[in-house]
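*Asks:* Mind folding the following:
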Amino acid sequence: MTASGRPGVPGAGDTTEVAARWGALSFPQFRRYWLAQIFRVLGLQFRIIAVPWLVSVELDRSPIWLGIVAVAAALPTIIFSVPAGVLADRFNDQKVLVVSQGAYAVAALALPILILAGLANIWIVIAWSIVTGMFAALGNPSMQSVMPRLIDMRVMPSAVALNSMVWSGVRIVGPAVAGVLLAAIGTGDAFFVTAVAIGIATVLFASLSPRPRVPSAAASEHGDDMWTGARYIMRTPIFLATIGLSFFTSVFGMSYQFLLPVFAEDILQVGAKGFGALEAFTGIGSVLGTLAIIKVGAGRHAGSAMVIFAAIFGLLIAGFAASRSMPLSMALLFLAGFSSALYLNIGMTTLQVMVPDELRGRVMGIWSMTWFLASIGALPAGALAEVLGAPLSVALGGLAVSAFAVFVWISAPRLRHVDLVDESDEAEAAASGA
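*Replies:* Reported below is the predicted structural model:
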């Protein structure tokens, strides 16, 4: 406890001013955590870029195998996310995080060794994707569970946004870096990047000193089995609506990402360079939306903002599907990236601030699971595109997100009145035992 009476605040006196200026980065433990995230996401992003190259170019497999490998990586993360949340809640979440990421680094090291030895084939890549997907799932809930105990809860919007910024920023620079490495040193050597980056992240995670958990007075009321988190979400409309928005975004709203090459090549007729521009404008919008959260916070009217921007995102994606102009398409994807960054960051902040500490791992495990459903959603989106065409398939996905946002607005009135400024004060008081 500091002189200011707030857990985790780095000092007294001018602490509030420093935190207001630098947000979560004013906390040394979070800075170390954030650096670990940068290395981790760099390793994951390289894997995302390099595996399709390995499958389609080095192993000379047809596009259907890209989907099979993607599903092989996604299924374990979906299956193990909820049990991983139980581990995060029942045991030392930092140790769970370190062990899972260390195991991921070791598993990641196996693939480049097999490639350089000339032993890699499509079945090894599928098995490798399953194993690494499992370790990724085991670490995600613990990663989210540890973070609030590194900061003052009042800067939670900044912490969530900074983590999102890592993904958005690496998404912009990652493909270029991966392409250069693959061309310069070869696929086998380049795959060592994933193992080394996640290994460094593991060391940084191990060096953290999070505050001890402080169970709430009602901890015994929640239960202690694997599905406690799911039951808690189902009977809490705010959380059900928040996670529902994430689910609809992943399964329906993000289908455009998998069909973007079709738009670039067949509909907008801008080729590979145009495809890169569409991806870049989406990423830039996402980065700027995240910066907006860092600058102004989630703050007051957070619930209303989350639902409104979710509805706008769906309409923007539907507009992109109807566009036949490259400049208009880039503008729409830029705005879609901006709006999705806003409402998804607010959603994550809402969960982090309002979920009881003893349930955080299980609830965040379910939140993480919704994100991994995006790879599964690619299959029905592709099948629908075969029947109805890519534009109509993408438009229906976007409109599904907007329709669910309208449903949430009508059915969960309390969510519209969520004020994360007041909620973070309450959460901080609970954490300090006040």
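*Asks:* Point out where the protein drops to low pLDDT.
*Replies:* 1-22, 63, 67, 171-172, 174-176, 214-226, 272, 295-300, 375, 418-434 (pLDDT under 70).
*Asks:* Tell me which stretches of it form strands.
*Replies:* According to DSSP state E, the chain carries no segments that qualify as strands.
*Asks:* And for the residue nearest to Phe192 when sequence neighbours are not counted, the neighbour number?
*Replies:* Closest residue in space to Phe192, ignoring its immediate chain neighbours: Pro112 at 4.9 Å, by Cβ to Cβ, 6 or more residues apart in numbering. Quick note: C-beta positions are derived from backbone N, CA and C, even for glycine. Residues contacting Pro112 under the criterion other Cβ atoms under 10 Å number 21.
*Asks:* mind listing what Pro112 touches?
*Replies:* Contact analysis of Pro112 by Cβ atoms under 8 Å, 6 or more residues apart in numbering lists Gly188, Asp189, Ala190, Phe191, Phe192, Ala195.
*Asks:* right, and out of those residues, which lies closest to Gly23?
*Replies:* Gly23 has its nearest neighbour among those in Ala195, at 31.7 Å by Cβ to Cβ.
*Asks:* That closest one contacts Ala108, correct?
*Replies:* Yes - with the criterion set as Cβ atoms under 8 Å, Ala195 and Ala108 qualify as a contacting pair; they are 4.0 Å apart.
*Asks:* Domain map for this structure?
*Replies:* Under automatic domain parsing, the residue ranges defining each domain of the chain are 23-156+163-210, 224-434.
*Asks:* what comes into contact with stretch 382-392?
*Replies:* Gly67, Phe258, Leu259, Val262, Phe263, Asp266, Ile267, Ala321, Ala322, Ser393, Val394, Leu396.
*Asks:* How far away from the center of its chain is it?
*Replies:* The chain centroid and the centroid of stretch 382-392 are separated by 26 Å under Cα atoms, centre = their mean, to the nearest Å.
*Asks:* returning to what we had before: rebuild the contacts of stretch 382-392 as a markdown table, extending it with distance to Asn121 and neighbour count.
*Replies:* A markdown table is the format used below for the contacts of stretch 382-392 (distance: Cβ to Cβ, whole Å; neighbours: other Cβ atoms under 10 Å):
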| residue | distance to Asn121 | neighbour count |
| --- | --- | --- |
| Gly67 | 18 | 15 |
| Phe258 | 25 | 21 |
| Leu259 | 29 | 22 |
| Val262 | 29 | 19 |
| Phe263 | 33 | 25 |
| Asp266 | 32 | 10 |
| Ile267 | 35 | 16 |
| Ala321 | 38 | 25 |
| Ala322 | 43 | 13 |
| Ser393 | 33 | 23 |
| Val394 | 34 | 29 |
| Leu396 | 38 | 18 |
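*Asks:* Which one of those residues is nearest to Ile38?
*Replies:* Within these, distances to Ile38 taken as Cβ to Cβ reach their minimum at Phe258, with 26.1 Å.
*Asks:* looking at it, that closest one is touching Ala381, isn't it?
*Replies:* Yes - the pair Phe258 / Ala381 is scored as a contact, 6.1 Å apart, by Cβ under 8 Å.
*Asks:* returning to that earlier point: save the contacts of stretch 382-392 as CSV, and put in distance to Met134 too.
*Replies:* Compiled in CSV, the contacts of stretch 382-392 are given as follows (distance: Cβ to Cβ, whole Å):
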residue, distance to Met134
Gly67, 19
Phe258, 23
Leu259, 28
Val262, 31
Phe263, 33
Asp266, 36
Ile267, 37
Ala321, 35
Ala322, 40
Ser393, 31
Val394, 31
Leu396, 32
